[in-house]
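> Take a look and give me a structure for this.
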Amino acid sequence: MEGRTFDAHTTQTPMFVLAIATINPNLRSNVLFTTTFFLTNIALHIRLGLSFFLQRAHVTEGSMGPGIIMACIFPLHAFWFSVCVNGFVRPSQQGRRKTGLRMGMAQP
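Just a heads-up that it's a prediction; the model follows:
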């Protein structure tokens, strides 16, 4: 069970990245936050969910409860990750529109 506790704490790594940025704004990195969020809340979540379902006899003594809880929480993490990614896409699209207007091109 100790390994599972470590995995659970690992999912808080993105919050640590945000906390460091709060203390020192020069250390803010949206890319680092999004990367750690993907690795800990998407990839690790999938790994743990599959582990809970496929090895439930060893991991959870046959209970499907933890796997079901992981499956229910995953859409929320996926939604938050899509918001992070959209935060990168939107400014880049707005930058292209402004560049197009300066060059005399029509907006799409």
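
> what is the rounded mean pLDDT of the longest helix along the chain?
What stands out as the longest helix in the chain, according to DSSP state H, is helix 65-102. Average pLDDT, helix 65-102: 77.

> now do stretch 31-39
90.

> contacting residues around Thr34?
By CB atoms under 8 Å, 6 or more residues apart in numbering, the residues touching Thr34 are Phe81, Cys84, Val85, Phe88. The C-beta positions use only the backbone N, C-alpha and C, and glycine is treated the same way.

> Can you give me the separation between the closest residue to the first one other than its chain neighbours and Gly87?
The one in question is Phe81. Excluding the flanking residues, the one nearest Phe81 by CB to CB, 6 or more residues apart in numbering is Ile42, at 5.6 Å. Ile42 sits 16 Å away from Gly87, going by CB to CB, to the nearest Å.

> So these two - more neighbours on which side?
When Ile42 and Gly87 are compared for neighbours, Ile42 comes out ahead with 15 against 12, by other CB atoms under 10 Å.

> and of the contacts of Thr34, the nearest to Pro66?
Minimum distance to Pro66 across the contacts of Thr34 is 21.5 Å, recorded for Phe81 (CB to CB).

> What count of nearby residues applies to that closest one?
Applying other CB under 10 Å, we find 15 residues neighbouring Phe81.

> That one against Phe37, yeah?
Yes. Assessed by CB atoms under 8 Å, Phe81 is found in contact with Phe37 at 6.1 Å.

> wait, what's in contact with the most centrally placed residue in the chain?
Closest residue to the average C-alpha location of the chain: Phe37 at 3.1 Å, with CA atoms, centre = their mean. Phe37 makes contact with Pro14, Trp80, Phe81, Cys84 under the criterion CB under 8 Å, 6+ apart.
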